[in-house]
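Trainee: below are the sequence and a predicted model for it; my questions follow.
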Amino acid sequence: MNKPAAIYARVSSDRQKEDHTIASQTAALLEHAKTNGYVVPPEWVFQDEGFSGANLLRPGLEALRDLAAQGQIATVLIYSPDRLSRKYAYQVLLAEELTRAGVEIVFLKSPTSGSPEDQLVVQFQGMIAEYERAQIAERSRRGKRHKAREGVVNVLSGAPYGYRYMKKTDASAAYYEVLESEAEVVRMVFELYALKHLSINAIARLLNQRGIPTRTGKTRWERSTVWGILRNPAYQGKACYGKTELRPRQRITRPLRQRNGIANRNSANHERPRSEWIEVPVPALVGEETFALAQEQLTKNRHHSPRRTIEPTLLQGMLVCQQCGYALYRTSTRTSKRKLYYYRCLGSDAYRRLKGALCTSRPVRQDHLDQVVWCQIIRLLEDDTLMQSEMDRRKEAARNSDPRRQRQEALRREQMRLAKNIERLITAYQEGLLSLPQLRERMPELNKKSKAVEAELQSLETGGMDDARYLQLAENLNGFRKKLQARAKTLDVCERQQILRLLVKEILIDPQNLTIRHSIPIPQARLALNEPQPPNSTPSVTSQQPGYLLRPRGNIAFAQQPLPQ
């Protein structure tokens, strides 16, 4: 016969690649070609390893279709219809395309004659393959979600740094075992970041200097690894299932472009909404308060990122245009004598959009605005009555509205209930009412729940100690304010930034007014900054008092606006 033929084989998972199933497909097809007189050149053996059958973007399949369009092959040998595609519609599309090019499709595991009955069988195989794929995926998804809601650790499949994943056995369910050597590193990372305010880069550099090994035994810590530790909720005792989902890859990176720009699989690192995560209890390594502080700091870092900042400014990342809602960035211009810096609204840049600028906001002088805002914050902290009332309010709220007490009582009741259940099981076994296999089946689940409750109780007690320390530190605020008053004029920009970001969320700018939104409530807002006003003064954004010359040929009046409590 000596017909020129090509071979196409496909596997969709890494496990199938490791099991060499694609090699077995190719070997069977080559044997079939030799038996039936087909000539298969080595370069016409196309393989797609790790590609889903529900996708047509596969390098091997693309090369096969190009070769068929050129009219160089007469036959293509495929192991079974589901290797060509898992979707029946795609099978029909590819079959019609190859037939129009004069290419015969031969399936090794399918009827070979062209009778209507045999064609019907092939169509049924394609539909069943598509149905089977969808059914397996849906059953797997629902089964894992059900297990996750029951608190089964098996669905997590592995453990992060600080834990060892103990597989399920006949005597016990899967669980996380704490590796104390790694757990100390995790606690140190959270302490350095949340309490001592070291950057992620500084923490990674410190771990590298100390030669602390990673999970893989290397001594090289990347910033992304530290960032992943700080974001992982498992360290507060709540490992989450369903944090990410599989989506088509959006970006074509340079390595992908070097591989003809085709991704071999979809990207699975797209984060889902936090409300859709399913929490699975595991032993906690840090307290909930420390973990919450770390998440708050991560959020602030995203907002106040210093990337590409050559010279820091006081209000970097805090200015918002009230007219269009865009942020303000720093720009500069040079006069005959010096260089002047301005804050400019992103929405006022016409070159950024096809339809021109979004707003008509003018730039604001950076040096004047920084000085005015800093003076206003210092004056806010100098108000003894206001600061004392706010401190008393927060201490009272921290003492009275503590949700940990109710949760601790509920956990203690749950702990007593589990202890009684364990005691009843042991008593039933001693009296011969329960066999040893039944005891081994039921005891591990109770022990696992008891450990989880004990870990959460310990984390709540740690959080209570953090609150006590917070109340004690709040009483030393007067001493801090005195030191701040003495050094207010000598602090550098970075130190002023730290103080300002503790109090101010954002600063709103419109053509005539500027509003500082801070976290200290004022009985009645005070607006004009050129004169001291008592706490009970009446706000007036359209005040006719002199403003500040922050823009050329224009004044701006200022107002304070406390954040919602």
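Mentor: Noted; the coordinates are in hand. Quantities reported herein were computed from a predicted structural model and do not represent experimental measurements. Residues are numbered from 1 along each chain as shown.

Trainee: what are the boundaries of the helices in the stretch 351-500 of the chain?
Mentor: Ranges of helices within the stretch 351-500 of the chain are 366-382, 384-400, 404-430, 436-474, 477-487, 493-503, based on DSSP state H, counting those that start in this stretch.

Trainee: ranking the ones you listed by burial, who's on top?
Mentor: Most buried of these, by mean neighbour count (mean count of other CB atoms under 10 Å): helix 366-382, with a mean of 18. For the C-beta atoms, the positions are set from N, CA and C on the backbone; glycine is no exception.

Trainee: what about it, distance to the chain center?
Mentor: 36 Å (CA atoms, centre = their mean, to the nearest Å).

Trainee: do the same with stretch 507-520
Mentor: 31 Å.

Trainee: next: stretch 328-338.
Mentor: 38 Å.

Trainee: then stretch 211-223?
Mentor: With CA atoms, centre = their mean as the basis, stretch 211-223 stands 22 Å off its chain's centre.

Trainee: what about the closest residue to residue 451 other than its chain neighbours, which SS state?
Mentor: Once flanking residues are discounted, residue 451 sits nearest to residue 283: 6.7 Å by CB to CB, 6 or more residues apart in numbering. Secondary structure, DSSP: H, G, I helix; E, B strand; the rest coil: residue 283 is coil.

Trainee: against residue 105, how distant is residue 283?
Mentor: Counting by CB to CB, to the nearest Å, the gap from residue 283 to residue 105 is 56 Å.

Trainee: please apply the same query to residue 219.
Mentor: On the measure of CB to CB, residue 219 and residue 105 end up 54 Å apart.

Trainee: looking at residue 283 and residue 105, which is more packed in?
Mentor: Using other CB atoms under 10 Å as the criterion, residue 283 and residue 105 rank with residue 283 on top: 22 against 18.

Trainee: list phi and psi for that one.
Mentor: For residue 283, the backbone dihedrals (degrees, to the nearest 10) come out as phi -60, psi 130.

Trainee: with the one 4 residues further on instead?
Mentor: Listed backbone geometry of residue 287 is phi -70, psi 160, with angles given as degrees, to the nearest 10.

Trainee: and it, how many neighbours?
Mentor: Residue 287: 23 surrounding residues under other CB under 10 Å.

Trainee: what about it, distance to residue 328?
Mentor: 38 Å.

Trainee: and residue 293, by the same measure?
Mentor: Counting by CB to CB, the gap from residue 293 to residue 328 is 28 Å.

Trainee: and those two? Which one has more around it.
Mentor: Neighbour count, other CB under 10 Å: between residue 293 and residue 328, residue 328 has more, with 26 against 18.

Trainee: okay, and that one sits in which element?
Mentor: strand 328-334 (DSSP states H and E).

Trainee: neighbouring strands for that strand, and are they parallel or not?
Mentor: strand 339-345 (antiparallel) (DSSP bridges).

Trainee: I'd like to know which elements the host helix or strand of residue 184 is packed against.
Mentor: Using DSSP H and E, residue 184 sits in helix 180-190. Applying 3 or more CB pairs under 8 Å, 6 or more residues apart in numbering; DSSP states H and E, we find helix 180-190 packed against helix 200-210, helix 223-231, helix 288-303.

Trainee: JSON lines please, covering the ones you listed and showing distance to residue 56 and mean pLDDT.
Mentor: JSON lines is the format used below for the helices and strands packed on helix 180-190 (distance: least, CB to CB, whole Å; pLDDT from 0 to 100):
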{"stretch": "helix 200-210", "distance to residue 56": "41", "mean pLDDT": "90"}
{"stretch": "helix 223-231", "distance to residue 56": "33", "mean pLDDT": "92"}
{"stretch": "helix 288-303", "distance to residue 56": "38", "mean pLDDT": "88"}
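
Trainee: need phi/psi at residue 106.
Mentor: phi -120, psi 120.

Trainee: that one pairs with what?
Mentor: residue 77.

Trainee: okay, now it: neighbour count?
Mentor: Neighbourhood size, residue 106 [other CB under 10 Å]: 16.

Trainee: local confidence estimate at it?
Mentor: pLDDT, residue 106: 85.

Trainee: before we move on, what about the one 10 residues further on?
Mentor: Model confidence at residue 116, expressed as pLDDT, equals 67.

Trainee: for residue 353, same thing?
Mentor: Value listed for residue 353 in the pLDDT field: 73.

Trainee: quick one on the thing from earlier: the residue nearest to residue 451: what's it in contact with?
Mentor: 163, 176, 178, 237, 451, 452, 455 (CB atoms under 8 Å, 6 or more residues apart in numbering).

Trainee: what about it, distance to residue 97?
Mentor: To residue 97, residue 283 is 56 Å away according to CB to CB.

Trainee: list phi and psi for residue 513.
Mentor: phi -140, psi 160.

Trainee: how about low-confidence regions in the stretch 51-200 of the chain?
Mentor: The model of the stretch 51-200 of the chain has pLDDT under 70 over residues 110-127, 129-131, 133-134.

Trainee: which stretches of it form helices?
Mentor: Going by DSSP H, counting those that start in this stretch, the stretch 51-200 of the chain shows helices at 59-69, 81-84, 88-100, 116-149, 180-190, 200-210.

Trainee: relative to residue 277, which of those helices is closest?
Mentor: Residue 277 lies closest, by CB to CB, to one member of the helices of the stretch 51-200 of the chain: helix 116-149, at 9.3 Å.

Trainee: on that earlier part again, pick the one among the contacts of residue 283 closest to residue 505.
Mentor: Distances from residue 505 to those, taken by CB to CB, are shortest for residue 237, at 30.0 Å.

Trainee: I'd like to know how many residues surround that closest one.
Mentor: If you count neighbours by other CB under 10 Å, residue 237 ends up with 24.

Trainee: any idea how far residue 166 is from it?
Mentor: Residue 237 is 17 Å from residue 166, by CB to CB.

Trainee: for the strand holding residue 328, C-alpha coordinates in CSV please.
Mentor: Extracted in CSV, the C-alpha atoms of strand 328-334 (Å, rounded to 0.1, in the frame of the first residue of the first chain):
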residue,chain,number,x,y,z
LEU,A,328,-2.5,62.2,41.7
TYR,A,329,1.1,61.5,40.8
ARG,A,330,4.2,63.7,41.1
THR,A,331,5.6,65.5,38.2
SER,A,332,8.0,68.4,37.7
THR,A,333,8.8,71.4,35.7
ARG,A,334,11.9,73.6,35.5
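
Trainee: quick one: mean pLDDT for it?
Mentor: The average pLDDT within strand 328-334 is 88.

Trainee: quick one: that strand to helix 366-382, angle?
Mentor: Interaxial angle of strand 328-334 relative to helix 366-382 (axes from the mean of the first three to the mean of the last three CA atoms, to 10 degrees): 130 degrees.

Trainee: and strand 328-334, what's buried?
Mentor: Neighbour counts using 16 or more other CB atoms under 10 Å place 328, 330 of strand 328-334 among the buried residues.

Trainee: begin at 34 from here
Mentor: Happy to do that; since the first residue is 34 now, the last one works out to strand 361-367.

Trainee: residues contacting it, please?
Mentor: 346, 349, 352-354, 372-379, 396-397, 399, 542.

Trainee: same deal with stretch 244-258?
Mentor: 194, 215, 218, 233, 234, 237, 240, 241.
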